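Novice: I would like the atomic coordinates for the input below:
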Amino acid sequence: MILIADSGSTKTHWCLAENGKALKEIFTDGINPFYENETEIARILKTQLTPDIISGNINSIFFYGAGCSFPDKKGTVRKALEVVFPQTISIIESDLLGATRSLLQHRPGIACILGTGSNSCFYNGNEMVSNVSPLGFVLGDEGSGAVLGRQLVADCLKSQLPASLIQKFYQHFNITPQQIMENVYKKPFPNRFLASLVPFLAENKHDPDIYRLISNSFRLFFERNIRQYPITGDMPVCFVGSVAHHFEDILRETAAQQGINISKIVQSPMSGLIEYHLN
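Specialist: The predicted model follows:
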């Protein structure tokens, strides 16, 4: 039996699989070693994951996670997993490799993530060949939930949106400008807070100002990231993530304006990861 994890900053999707099929899916809080240490990650595993599984039956864990691109961060997650699953082999890889394997299996192409954060790579069918660093929601992460939320609150706080829309935003979340500032600058996980505002954008995406905000962020994602890869006419460009899924119409339209044809958009990489590992 194997345990596969797809972990972002907001949530982690776990799946127990055996004999070619998924047996059980579990969701826990997001795990990101850039924001959490070994003890904090182990606490999430013990309180939210292990009550739903029998750990002694698991032979291998394949953990694909945000923040797991660097050896020291992989080590943090591995140590936490070893505390909870001491007899199990754990393989830690980046969420980007997980998305790539899910979307492309063994085909060359460009794989992209648009969720709480954003990322992309050029894949030769076996390994990631090049990656434009996403840089996080402060310096990059164009098109991500955190950046869309950041732009939304910035436009509200600076009165760059119609007054009626700004009032609608504050009423929707029952939040004040002071509370926004506290969530962004004083409380932990500001990226999660900002991404949590995306449902407002989804509900109002046909408003011209909101549509423009979303499409501009997607345009920057293509210009600052995807354009740096060697795109040919028949090369697949694929997306995974909640933002890509919920704004598929705007994403495809923005891509077409850039001369890019998107071949696949899925909300979660899990089904593709199950296929990849069980095959």
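Novice: contacts, neighbours, all on C-alpha from now
Specialist: Fine.
Novice: can you give me the helices in this structure?
Specialist: 38-44, 71-84, 95-104, 136-139, 145-157, 163-173, 177-185, 190-195, 198-203, 208-224, 242-246, 248-257, 270-278 (DSSP state H).
Novice: List the buried residues in the second one.
Specialist: Same thing as helix 71-84. 73, 74, 76, 77, 78, 79, 80, 81, 84 (16 or more other Cα atoms under 10 Å).
Novice: can you put these in CSV and add distance to residue 268 and pLDDT?
Specialist: CSV is the format used below for the buried residues of helix 71-84 (distance: Cα to Cα, whole Å; pLDDT from 0 to 100):
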residue, distance to residue 268, pLDDT
73, 23, 94
74, 22, 94
76, 24, 94
77, 21, 94
78, 23, 94
79, 26, 94
80, 24, 94
81, 23, 94
84, 25, 90
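Novice: Looking at the helices of the chain, which is nearest to residue 22?
Specialist: Closest approach to residue 22 among the helices of the chain (Cα to Cα): helix 270-278, 7.3 Å.
Novice: Identify the residues contacting the closest one?
Specialist: 4, 6, 13, 15, 17-22, 98-99, 101-103, 105 (Cα atoms under 8 Å, 6 or more residues apart in numbering).
Novice: between it and helix 95-104, what angle do the directions make?
Specialist: 90 degrees (axes from the mean of the first three to the mean of the last three Cα atoms, to 10 degrees).
Novice: Alpha carbons of helix 270-278, as PDB, please.
Specialist: Extracted as PDB, the C-alpha positions of helix 270-278 are listed here (Å, rounded to 0.1, in the frame of the first residue of the first chain):
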ATOM      1  CA  MET A 270      -4.300  13.500  -7.500                       C
ATOM      2  CA  SER A 271      -5.900  11.300 -10.100                       C
ATOM      3  CA  GLY A 272      -2.900  11.800 -12.400                       C
ATOM      4  CA  LEU A 273      -0.500  11.000  -9.600                       C
ATOM      5  CA  ILE A 274      -2.300   7.800  -8.800                       C
ATOM      6  CA  GLU A 275      -2.100   6.800 -12.500                       C
ATOM      7  CA  TYR A 276       1.600   7.700 -12.600                       C
ATOM      8  CA  HIS A 277       2.600   5.700  -9.500                       C
ATOM      9  CA  LEU A 278       0.400   2.700  -9.900                       C
END
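Novice: pLDDT on it, on average?
Specialist: Helix 270-278 shows a mean pLDDT of 88.
Novice: In that helix, which residues are buried?
Specialist: Within helix 270-278, the residues that count as buried by 16+ other Cα under 10 Å are 270, 272, 273, 274, 276.
Novice: Against residue 54, how distant is the first one?
Specialist: Right, the one you point to is residue 270. The spacing between residue 270 and residue 54, counted by Cα to Cα, to the nearest Å, is 20 Å.
Novice: try the fourth one
Specialist: Remark: distance between residue 274 and residue 54 (Cα to Cα) = 19 Å.
Novice: for the last one, same thing?
Specialist: Relative to residue 54, residue 276 is positioned 24 Å away (Cα to Cα).
Novice: where does the chain dip in pLDDT?
Specialist: Scanning the chain for pLDDT under 70 picks out 20, 55-56.
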